[in-house]
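Enquirer: All I have is the shape, not the residue letters:
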């Protein structure tokens, strides 16, 4: 599932799109997300796009940061 479906008009260069796509796939596989209608998929894509806008381009780092931003630690 390409991240471009979720970019809502946000434009990037082809290399940035490729790296964001890799990060998106890594995150989807990690979370075992496959249903297009799962709202978590939109959230993951949004996070990766936001992070890429800040200048991050490393797909593994984008994945890690996206995962960290959508998971909350258990309360004690």
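Expert: Everything's here; your move. Keep in mind it's a predicted model, so treat the numbers as computed, not measured. Numbering: from 1, shown residues only.
Enquirer: contacts, neighbours, all on C-alpha from now
Expert: Noted.
Enquirer: can you give me the offset of whichever strand or helix holds residue 67 from its chain's centre?
Expert: Residue 67 belongs to helix 59-70 when elements are defined using DSSP states H and E. Here the centre of helix 59-70 is set off from its chain's centre by 7 Å, with CA atoms, centre = their mean, to the nearest Å.
Enquirer: Residues in contact with it: which ones?
Expert: Residues outside helix 59-70 that contact it (CA atoms under 8 Å, 6 or more residues apart in numbering): 19-20, 22-24, 26-27, 43-44, 47-48, 51-52, 56.
Enquirer: one more time with 10 Å
Expert: Contacts to helix 59-70, defined as CA atoms under 10 Å, 6 or more residues apart in numbering, come from residues 16, 18-28, 30-31, 40, 43-52, 56, 58.
Enquirer: Which members of these occur in helices, if any?
Expert: Among those, DSSP state H puts 16, 18-28, 30-31, 40, 43-52 in helices.
Enquirer: Just the buried ones from those?
Expert: Burial by neighbour count, judged by 16 or more other CA atoms under 10 Å, picks out 16, 18-28, 44-49, 51-52 from the ones in helices among the contacts of helix 59-70.
Enquirer: Tell me the span between the first and last residue of stretch 30-44.
Expert: Distance between the two ends of stretch 30-44: 11 Å, counting by CA to CA, to the nearest Å.
Enquirer: from the chain's centre, how far out does that stretch sit?
Expert: In this view, stretch 30-44 has its centroid 10 Å away from the chain centroid, taken as CA atoms, centre = their mean.
Enquirer: Over to stretch 54-74?
Expert: 8 Å.
Enquirer: Report the mean confidence score over it.
Expert: Throughout stretch 54-74, pLDDT has a mean value of 88.
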